[in-house]
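Asker: with the input below, show me the fold.
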Amino acid sequence: MMLNLFSIFDPSTYMFSLNWFSTFIGMFLIPQIYWLFYCRFVYLFNNLFFILLNEFKLILNFKFNLNNLIYMLVFFMFFVFNNFMGLFPYIFTSSSHLVFSLWISLSIWMSYMIFGWLNNSMYMFIHLVPLGTPFMLMFFMILVELLSNIIRPLTLSIRLVANMVAGHLLLTLLSNFISKFLMIYLFVFIIQFMLLFLEMLVSLIQSYVFVILLILYMKETN
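Answerer: Below is the predicted model of the structure:
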């Protein structure tokens, strides 16, 4: 039972470990004609991009940071596609693995730290001591802020993985429950459909939270 339950998160379920290619499947499912002609699909994406652009501009006030908005928008769509692809049957969910999320968050965090300490060292030192901290607590606060800064990539990745795994496991458990109790099939099916809709919202929200936190970390470096 447990092996079957967690097999959806196993990257080597089949003879060849091709499950990681599901990371890029979402981009190929979009018909190429949508990139050439204006349609409802492109209209939906444009509205979504403009909403996100306005949200990011409220956080980033400097011209240097505004040049990175396209980079963050691409990251948002990348995570949305990966989270949504895991909701389809028999498709491997790459965003539910620490190998995937930790590698991305750690690499971006390292680039932020290298850039911040090399170009804005004084500004990075200021962040180690919050404003209004008493002198007796300054040394302790430096250790606390350093620790909180070091664990940022881990908390980013664990938040994404935990939310993806929890929703998928709950849907899998309910699907097994339906097959055993046919008398309440309709009731459980409605609950599972509602959970599927909730999982779609979670996939969108977790992508938004991941990118927003990356933007906030980037803002602290300059």
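Asker: C-alpha only now, for contacts and for neighbours.
Answerer: OK.
Asker: can you give me the helices in this structure?
Answerer: 2-6, 25-29, 40-59, 63-66, 69-85, 98-119, 121-127, 138-150, 152-180, 185-219 (DSSP state H).
Asker: and the third one, how far out from the chain's middle?
Answerer: The reference is to helix 40-59. Helix 40-59 has its C-alpha centroid displaced from the chain centroid by 17 Å (C-alpha atoms, centre = their mean, to the nearest Å).
Asker: that one packs against which elements?
Answerer: Judged by 3 or more C-alpha pairs under 8 Å, 6 or more residues apart in numbering; DSSP states H and E, helix 40-59 is in contact with helix 69-85, helix 185-219.
Asker: circling back to that earlier point, nearest to residue 92, of the helices of the chain?
Answerer: helix 69-85 (7.8 Å; C-alpha to C-alpha).
Asker: from the contact counts, what lies against the closest one?
Answerer: Counting by 3+ C-alpha pairs under 8 Å, 6+ apart, helix 69-85 packs on helix 25-29, helix 40-59, helix 185-219.
Asker: between those helices, which one is nearest to residue 85?
Answerer: Among the helices and strands packed on helix 69-85, helix 25-29 sits nearest to residue 85 (C-alpha to C-alpha), with 6.7 Å.
Asker: deepest-packed of the helices of the chain, please.
Answerer: helix 69-85 (a mean of 19; mean count of other C-alpha atoms under 10 Å).
Asker: off-centre distance for that helix?
Answerer: 8 Å.
Asker: same question for stretch 165-172.
Answerer: 17 Å.
Asker: now do that stretch, average pLDDT.
Answerer: For stretch 165-172, mean pLDDT rounds to 78.
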